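J.: sequence first, then the predicted structure:
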Amino acid sequence: MLQVEAVESRYGASQVLFGMSLAVGTGQVVSLLGRNGMGKTTTVKSILGVVTPHAGRVRFDDIELRGRRVFEIAKLGIGIVPEGRQVFSTLTVRENLIATASQRHARNGGWTLDRIFDLFPSLAERSRNYGSQLSGGEQQMLAIGRALMTNPKLLILDEATEGLSPLIRQEIWRVLRELKAHGQSILVIDKNVNALSELADRHYVIEKGQVVWEGDSKALRDDIARVQSIIGV
């Protein structure tokens, strides 16, 4: 579904990615691990077109993304849960969800308000509250729900559980397991190696803008000490 091949990206004269490569298959959950500042978010931005790679290829459903505008890429079926949540603070929960809704790539009836509220019951209780009135955990739930309302083929989560309480983290992992069970393709960035080893099918560890380790969950568990030393956990 998604192929990132030998991508190099920079901000001005400062190069961040040096031959970055990864792949996400249909129905797969793939993790991207690494310390802060190693290029994880730049990888996401290079996929989404926020940053235009100066070398390499980014393909989604056999369509070349490099050089396409952000809204064109989004229309192809990529949903993003950005780092920092970035919910609309002056819109209610309901309005946040409706604002991005699209049935373009819907399957089996697609994601609706009712389905989002079933997935996150606490959002149903806060449906009339503004984004600014939610806790950090509720904002993250809303950001996930907002992305799902686009009915994405691929869901990308940048720092899925960063800064959240243990109970909210458990809730996010529960939701991701449920999404995987329904065949949702997911690229997830997080630092919780143990949770990711139980959830994801494949893992990529990035250091200084390139992949330095990759493997399936068994390989990750077998080599967990090395991986944790690389990502600083």
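T.: Thanks, I have the structure now.

J.: flag every buried residue along stretch 56-66.
T.: 56, 58, 60, 65-66 (16 or more other Cβ atoms under 10 Å). All C-beta atoms are positioned from the backbone trio N, CA, C, and that covers glycine.

J.: mind checking the SS state of Glu162?
T.: Assigned with DSSP: H, G, I helix; E, B strand; the rest coil, Glu162 falls in the coil class.

J.: who's in contact with it?
T.: Going by Cβ atoms under 8 Å, 6 or more residues apart in numbering, Glu162 touches 83, 190-191.

J.: looking at those residues, spot the one nearest Ser21.
T.: Of all these, Ser21 sits closest to Asp190, with 20.0 Å by Cβ to Cβ.

J.: so where is this protein shaky, pLDDT-wise?
T.: 105-106, 108, 233 (pLDDT under 70).

J.: just the helices in it please.
T.: Applying DSSP state H to the chain gives helices spanning 40-48, 70-75, 93-99, 113-119, 121-125, 136-148, 166-181, 193-199, 217-222, 224-231.

J.: ok, back up a step: nearest to Gly163, of the contacts of Glu162?
T.: Relative to Gly163, and with distances defined as Cβ to Cβ, the nearest of these is Glu83, at 10.0 Å.

J.: what residues does that closest one make contact with?
T.: Counting by Cβ under 8 Å, 6+ apart, Glu83 makes contact with 41, 158-159, 162, 189.

J.: circling back to that earlier point, can you redo the helices of the chain as CSV with mean neighbour count and distance to Val16?
T.: Below are those laid out as CSV (neighbours: other Cβ atoms under 10 Å; distance: least, Cβ to Cβ, whole Å):
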stretch, mean neighbour count, distance to Val16
helix 40-48, 23, 5
helix 70-75, 14, 18
helix 93-99, 19, 31
helix 113-119, 16, 34
helix 121-125, 15, 35
helix 136-148, 23, 24
helix 166-181, 15, 27
helix 193-199, 18, 23
helix 217-222, 15, 25
helix 224-231, 14, 17
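
J.: mind putting those into JSON lines with distance to Ser9?
T.: Shown next, in JSON lines, are the helices of the chain (distance: least, Cβ to Cβ, whole Å):
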{"stretch": "helix 40-48", "distance to Ser9": "5"}
{"stretch": "helix 70-75", "distance to Ser9": "15"}
{"stretch": "helix 93-99", "distance to Ser9": "29"}
{"stretch": "helix 113-119", "distance to Ser9": "33"}
{"stretch": "helix 121-125", "distance to Ser9": "35"}
{"stretch": "helix 136-148", "distance to Ser9": "23"}
{"stretch": "helix 166-181", "distance to Ser9": "27"}
{"stretch": "helix 193-199", "distance to Ser9": "24"}
{"stretch": "helix 217-222", "distance to Ser9": "26"}
{"stretch": "helix 224-231", "distance to Ser9": "21"}
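
J.: closest to Leu154 out of the ones you listed?
T.: helix 40-48 (8.9 Å).

J.: counting by contacts, list what that closest one packs against.
T.: For helix 40-48, the packing partners by 3 or more Cβ pairs under 8 Å, 6 or more residues apart in numbering; DSSP states H and E come out as strand 2-11, strand 14-24, strand 29-33, strand 55-60, helix 70-75, strand 78-81, strand 154-157, strand 185-189.
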